[in-house]
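Participant: Next input, structure requested:
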Amino acid sequence: MGATKTDFFTDEQNKIAVIAKALGHPARIAIIEYLLKVNECICGDIVNELPLAQPTVSQHLKELKNAGLIKGNIEGNSVCYCIDEKAFEILNAFFSNIISTVKKQNCC
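Facilitator: The predicted model follows:
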């Protein structure tokens, strides 16, 4: 079986790409902002905050969780979500490196 295109990139590059793709929808940004505001919540709380149907919110939560941006714990019949700081540490390191490199450049 042949190699996929992602095999040609580092694990870090692939991880950042997955995170960036998950952040590429405004509803997911709104979910992240809401979780930062309340620290944790159940899916029903998020549904009440967004102009989206519950199945759509659940799909966005799934994408965020698969990318490692949030984590969820089952509590009875509901799932409690919160921010997973590891993914944001990866993004912070990535963007900090970009910013420090750009500041040193003398281009155009």
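Participant: got a list of what the most centrally placed residue in the chain touches?
Facilitator: Centroid-nearest residue in the chain: L69, 3.6 Å away (criterion: C-alpha atoms, centre = their mean). Counting by C-beta atoms under 8 Å, 6 or more residues apart in numbering, L69 touches I19, A22, L23, R28, I32, I83, D84, A87, F88. The C-beta positions use only the backbone N, C-alpha and C, and glycine is treated the same way.
Participant: One more pass at 10 Å, please.
Facilitator: 18-19, 22-23, 28, 31-32, 35, 61, 63, 83-88, 91 (C-beta atoms under 10 Å, 6 or more residues apart in numbering).
Participant: Phi and psi next, for it.
Facilitator: Per-residue torsions, L69: phi -80, psi -30 (degrees, to the nearest 10).
Participant: Let's verify N73: helix, strand, or coil?
Facilitator: Following DSSP: H, G, I helix; E, B strand; the rest coil, N73 is assigned to strand.
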